[in-house]
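*Asks:* no FASTA, just this:
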């Protein structure tokens, strides 16, 4: 009976994979072909693979450090103990900024997607109010429990993957090698635009806020959580690669300039693909997929923010405690989404800058400090100090690229 009840109580790996995959694979992927148009397909794919490798290992470093603390301890507790108050303040500000700005980005994205969806049905509904209603629905699900988010994410991500393959199965039939390989361009230049893509790649593999949530979900089970991180991130990498082939193989490189000039929001890219394909069925699938993409990312990101704020403010896990956490989690980004409804691309870019701190630099420092203090008896990321140096270099490099870009010191494809 004890074995049977323990088996029943233990959640499956699929739930954790869906939380990680659902957080990563979402609205942020729609920014990729727009910001990668300069470096185009092969260089962009190389940037994605390198970013995936670094972001997977930085997440495993968070797991390594987190296992030395009580279940439910999030970044605030772990960072303060291992790195001190100064790093904890910097890390806390960057976590809050990233998760809040991503939540805002998904409210903006959900508003534009729902507005575009209803417009196709000849229903006019303001984008900012569509985003507000969607945000309130997500807030209710996150308030219920982590298990509710997992189950809903599993449903949404399953539907998203189904519509993804139906959509991009159709897109693949239309892919033209001369467009994908950009063979018609005269003396094309790709490499100078590569660095601009890296902060967006980093933001597109953001799941690190969910590592403490998985420890609440599975307990101190490093091998199960490790499998969740590996399979969730690999799933994202494969789908991103398919997405680049489908979008860059149908829309000529030069056409992305006009898409970027219109703000690069999801509805603009969907309209561009619809115009190229001239297929009502694919247009419908793209709309359905974009709705599911926003929903799954929204759920995953807000769960990470919710658990971080609950730990920071020491709100308990009762219904009233979760209500207080939900209010702190959702009210600021909802206000931002209502006031500034079209900030998707800008928000994703700034998230990439701040995420370098808590998704790359701090995890590497946590792993080093954890090994010094505890010896990391439960789990240790492979690669030793060389892996820590690589992740630090990756994080600092991304931050430098974004700063140079902000001062227009990097080439822009236009």
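*Replies:* Here it is on my side, so go on. Given the structure is predicted, the values throughout are model-derived calculations rather than measurements.
*Asks:* three-state assignment of residue 377?
*Replies:* Following DSSP: H, G, I helix; E, B strand; the rest coil, we place residue 377 in the coil state.
*Asks:* Number of residues surrounding it?
*Replies:* Residues contacting residue 377 under the criterion other CB atoms under 10 Å number 8. (Glycine included, C-beta is placed from N, CA and C.)
*Asks:* measure it to residue 191 for me?
*Replies:* 45 Å (CB to CB, to the nearest Å).
*Asks:* try residue 395
*Replies:* Residue 395 is 22 Å from residue 191, by CB to CB.
*Asks:* And the two? Which one has more around it.
*Replies:* residue 395 (24 against 10).
*Asks:* tell me the contacts of that one?
*Replies:* With contacts defined as CB atoms under 8 Å, 6 or more residues apart in numbering, residue 395 is in contact with 58, 356-357, 359-361, 364.
*Asks:* and it, what helix or strand is that in?
*Replies:* Residue 395 belongs to helix 384-406 when assigned by DSSP states H and E.
*Asks:* in the stretch 201-350 of the chain, what spans have low per-residue confidence?
*Replies:* For the stretch 201-350 of the chain, residues meeting the criterion pLDDT under 70 lie at 262-267, 277-279, 341-346, 348-349.
*Asks:* 90 - rerun?
*Replies:* For the stretch 201-350 of the chain, residues meeting the criterion pLDDT under 90 lie at 202-204, 206-210, 212-213, 215-221, 239, 242-243, 246-247, 250-323, 325-326, 329-350.
*Asks:* Helices along that one, start to end?
*Replies:* 211-218, 222-248, 255-261, 266-277, 280-313, 319-339, 344-356 (DSSP state H, counting those that start in this stretch).
*Asks:* out of the ones you listed, which comes closest to residue 371?
*Replies:* Closest to residue 371 of those is helix 222-248 (CB to CB; 14.6 Å).
*Asks:* for the closest one, packing partners?
*Replies:* Contacts defined by 3 or more CB pairs under 8 Å, 6 or more residues apart in numbering; DSSP states H and E place helix 222-248 against helix 13-24, helix 32-35, helix 40-66, helix 146-174, helix 177-180, helix 211-218.
*Asks:* Could you tell me the least trusted of these?
*Replies:* For those, the weakest mean pLDDT is recorded on helix 146-174, namely a mean of 77.
*Asks:* quick one, what contacts residue 48?
*Replies:* Taking CB under 8 Å, 6+ apart as the test, what residue 48 contacts is 32, 201, 204, 237, 240-241, 244.
*Asks:* So among the contacts of residue 395, which ones count as buried?
*Replies:* Buried positions within the contacts of residue 395, assessed by neighbour count (16 or more other CB atoms under 10 Å), are 58, 356-357, 359-361, 364.
*Asks:* Inside helices: which ones of these?
*Replies:* In helices, judged by DSSP state H, the following of the buried ones among the contacts of residue 395 are found: 58, 356, 364.
*Asks:* sorry, back to before: could you provide the helices of the stretch 201-350 of the chain in TSV, with additional columns for distance to residue 97?
*Replies:* Below are those laid out as TSV (distance: least, CB to CB, whole Å):
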stretch	distance to residue 97
helix 211-218	18
helix 222-248	22
helix 255-261	24
helix 266-277	22
helix 280-313	11
helix 319-339	11
helix 344-356	5
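*Asks:* Tell me which of the ones you listed approaches residue 413 most closely.
*Replies:* Of all the helices of the stretch 201-350 of the chain, it is helix 255-261 that lies closest to residue 413, at 7.1 Å by CB to CB.
*Asks:* Output the contacting helices and strands for that closest one.
*Replies:* helix 32-35, helix 266-277.
*Asks:* Give me the contact list for the first one.
*Replies:* Counting by CB under 8 Å, 6+ apart, the neighbours of helix 32-35 from elsewhere in the structure are 44, 48, 196-197, 200-201, 204, 240, 243-244, 247-248, 251, 256, 259-260, 264, 269, 345, 349.
*Asks:* Nearest to residue 389, out of the helices and strands packed on helix 255-261?
*Replies:* Of all these, helix 32-35 sits nearest to residue 389, with 27.6 Å by CB to CB.
*Asks:* returning to that earlier point: so which of the helices and strands packed on helix 255-261 is the most surrounded?
*Replies:* helix 32-35 (a mean of 25; mean count of other CB atoms under 10 Å).
*Asks:* just to revisit the earlier point, nearest to residue 156, out of the buried ones among the contacts of residue 395: which one, please.
*Replies:* residue 359 (23.3 Å).
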